[in-house]
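A.B. asks: Let me see the structure of the following:
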Amino acid sequence: MFTTLELPDLRGCLPISICDLSRITLLVGKNGVGKTRVLDAVRSENVVALDNIEHGVHHTGMVEMWRHWLSLACGHDLQIFATTHSWECIVAFATALDGQPPGSGVVIRLECEPGWEHMGAVVIDQEKLPYVVRDCIEIR
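C.D. replies: I've put the predicted structure just below:
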């Protein structure tokens, strides 16, 4: 299972170092910041990479979708990386993580600004995520 990820400067994207990866890692950030690049880098056996996981799922079914992925990940020793632009998907992820063992899920916000030498990765762990959702802190 990946716990950290180091990506060099590839395809015009800045290098990035991401720590604290989890059983399920949800990647958020602006378009073009490198979310798909991370998905490409982690593709391997026992890893599921899902781009725009919210597509085709009604917001009322997202909590159940996340519970299903959590069950699959734990039951089959999988690590899941997914991307989203949906606030409802983030809220559903937080809801599904409630009561799960520590390390079950994390949200990582990728960011990059002009002039930066490296991309940034803001980790929102399972303990902090409910506060982000409660206070409607914009992380996308």
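A.B. asks: so the residue nearest to the spatial centre of the chain is in which element?
C.D. replies: In the chain, the centroid-proximal residue (C-alpha atoms, centre = their mean) is Leu26; its distance is 1.3 Å. Following DSSP states H and E, one finds Leu26 within strand 24-28.
A.B. asks: mind listing the helices for this structure?
C.D. replies: 35-42, 62-75, 87-97, 129-134 (DSSP state H).
A.B. asks: Which other helices and strands does the shortest one contact?
C.D. replies: Using 3 or more C-beta pairs under 8 Å, 6 or more residues apart in numbering; DSSP states H and E as the contact test, the elements touching helix 129-134 are helix 87-97, strand 105-111. All C-beta spots, glycine's among them, are computed from the backbone N, C-alpha and C.
A.B. asks: So for Val47, what pLDDT did the model give?
C.D. replies: Model confidence at Val47, given as pLDDT, is 95.
A.B. asks: do Gly12 as well
C.D. replies: Model confidence at Gly12 (pLDDT) stands at 61.
A.B. asks: quick one: average pLDDT of the strand holding Leu26?
C.D. replies: 95.
A.B. asks: Which neighbouring elements make contact with that strand?
C.D. replies: helix 35-42, helix 62-75, strand 79-83, helix 87-97, strand 105-111.
A.B. asks: In contact with the residue lying farthest from the centre of the chain, which residues?
C.D. replies: Going by C-alpha atoms, centre = their mean, the residue of the chain most distant from its centre is Gly115, 25.0 Å out. Not one residue lies near Gly115 by C-beta atoms under 8 Å, 6 or more residues apart in numbering.
A.B. asks: pull the CA atoms of stretch 18-25 into PDB?
C.D. replies: Taking Å, rounded to 0.1, in the frame of the first residue of the first chain, the C-alpha atoms of stretch 18-25 are listed here in PDB:
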ATOM      1  CA  ILE A  18       2.500  13.500  -1.000                       C
ATOM      2  CA  CYS A  19       2.500  12.000   2.500                       C
ATOM      3  CA  ASP A  20      -0.100  10.300   4.700                       C
ATOM      4  CA  LEU A  21      -1.900   8.400   1.900                       C
ATOM      5  CA  SER A  22      -4.600   6.100   3.200                       C
ATOM      6  CA  ARG A  23      -6.800   3.100   2.300                       C
ATOM      7  CA  ILE A  24      -8.900   5.500   0.300                       C
ATOM      8  CA  THR A  25      -7.400   8.700  -0.900                       C
END
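A.B. asks: Nice, that's everything, thank you.
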